[in-house]
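> I'd like to go over a predicted model; first the sequence, then the structure.
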Amino acid sequence: MIGAKKTDLRREAGQRTRDGLQTAALELLAQRGQEGVTLREITDRAGANVAAVSYHFGSLKALCDSAIEHALERYLDAQILALDPLGSTSTLQEMAAAFARPMVRALAAGGQDLAVMRTVARVGIDPPQGWERLNGKFDQSRREALRVLTANLPGVDEQELIFRTRCAAGLLNWLALAPIGAELAAMSAEQIERQLVPVVAGAFRGDAVVGR
């Protein structure tokens, strides 16, 4: 019994160390991207030693890959959760609000939530390869978006709708990293949504408001 309890405590301590390393890596990746992160910075921030990285992940690259995968999964889960309740009668405005909701909430919350979005934004510029485990979630998110867009824009073919969806995602990624994102982060979630949703809806419609 005592031996089992000690094993559980060691396991819990190990998990805390692993989580702390991943969190530290995520925060630094959000600030600088993978090329700007060092092993020493991560371990200092996590309060761990270099041996812990080797033990839990094997290498700096494996740790960064794990943090990025974690960020992508959290983002996809949040987006699927926001899009899932929408039906064929939902409007483009409602679609845009749901599509942007994970970013809106992250900008308003800051901290770890925003670090996740900034990491997603950075890897969105050069999407990771080889993470087949997330392919199903990428596909589900795309299907959820296309379901509503097709109902609202019946004259637009699927490839064009996918292109517009990618453009809308790129816009949100840019906001996470650009100075204007810091301006939005000073607002409430409601204020951010009021500013952002019409822009995202315009990207889906394909009728940019330039000149109006």
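Now that the structure is in, tell me what you want to look at.
> can we go C-alpha only for contacts and neighbour counts from here?
Fine.
> just checking, what's the longest helix in the chain?
The helix that spans the most residues within the chain, counting by DSSP state H, is helix 2-32.
> now the very next helix or strand once past that one: mean pLDDT?
Using DSSP states H and E, the next helix or strand after helix 2-32 towards the C-terminus is helix 39-46. Averaged across helix 39-46, the pLDDT comes to 91.
> and if you look at stretch 151-160?
93.
> Could you list the buried residues of it?
The neighbour-count check on stretch 151-160 (16 or more other C-alpha atoms under 10 Å) flags Asn152 as buried.
> Stretch 61-80 now?
For stretch 61-80, a neighbour-count test (16+ other C-alpha under 10 Å) marks 63-80 as buried.
> now, which of those lie within helices?
Checking the buried residues of stretch 61-80 against DSSP H, those in helices are 63-80.
> circling back to that earlier point, rounded mean pLDDT for the longest helix of the chain, please.
Mean predicted lDDT for helix 2-32 stands at 78.
> Tell me both backbone torsions, phi and psi, for Ser59.
phi -160, psi 170 (degrees, to the nearest 10).
> Next one, pLDDT for it please.
The model reports Ser59 with a pLDDT of 89.
> Also Val148?
So Val148 comes in at 93 (pLDDT).
> Please report the distance of it from Gln112.
30 Å (C-alpha to C-alpha, to the nearest Å).
> Determine which member of these two has the greater number of neighbouring residues.
Relative neighbour count places Val148 above the other of Val148 and Gln112, with 20 against 16, counting by other C-alpha atoms under 10 Å.
> Quick check: closest non-adjacent residue to the more buried one.
Ser88 (5.6 Å; C-alpha to C-alpha, 6 or more residues apart in numbering).
> Over to that neighbour. Which of the three states is it?
The assignment at Ser88 comes out as coil when based on DSSP: H, G, I helix; E, B strand; the rest coil.
> Render the CA-only coordinates of the helix or strand encompassing Arg142 in PDB, please.
Using DSSP H and E, Arg142 sits within helix 135-152. Output of helix 135-152 as PDB, limited to C-alpha atoms (Å, rounded to 0.1, in the frame of the first residue of the first chain):
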ATOM      1  CA  ASN A 135      -6.200  14.900 -39.400                       C
ATOM      2  CA  GLY A 136      -9.700  13.800 -38.300                       C
ATOM      3  CA  LYS A 137     -10.100  17.000 -36.300                       C
ATOM      4  CA  PHE A 138      -8.900  19.200 -39.200                       C
ATOM      5  CA  ASP A 139     -11.400  17.400 -41.500                       C
ATOM      6  CA  GLN A 140     -14.200  17.800 -38.900                       C
ATOM      7  CA  SER A 141     -13.600  21.500 -38.500                       C
ATOM      8  CA  ARG A 142     -13.600  22.000 -42.300                       C
ATOM      9  CA  ARG A 143     -16.800  20.000 -42.700                       C
ATOM     10  CA  GLU A 144     -18.500  22.000 -40.000                       C
ATOM     11  CA  ALA A 145     -17.600  25.200 -41.700                       C
ATOM     12  CA  LEU A 146     -18.600  24.000 -45.200                       C
ATOM     13  CA  ARG A 147     -21.900  22.800 -44.000                       C
ATOM     14  CA  VAL A 148     -23.000  26.300 -43.100                       C
ATOM     15  CA  LEU A 149     -21.200  28.100 -45.900                       C
ATOM     16  CA  THR A 150     -22.800  25.800 -48.500                       C
ATOM     17  CA  ALA A 151     -26.300  26.600 -47.200                       C
ATOM     18  CA  ASN A 152     -25.600  30.300 -47.300                       C
END
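> All set now, cheers.
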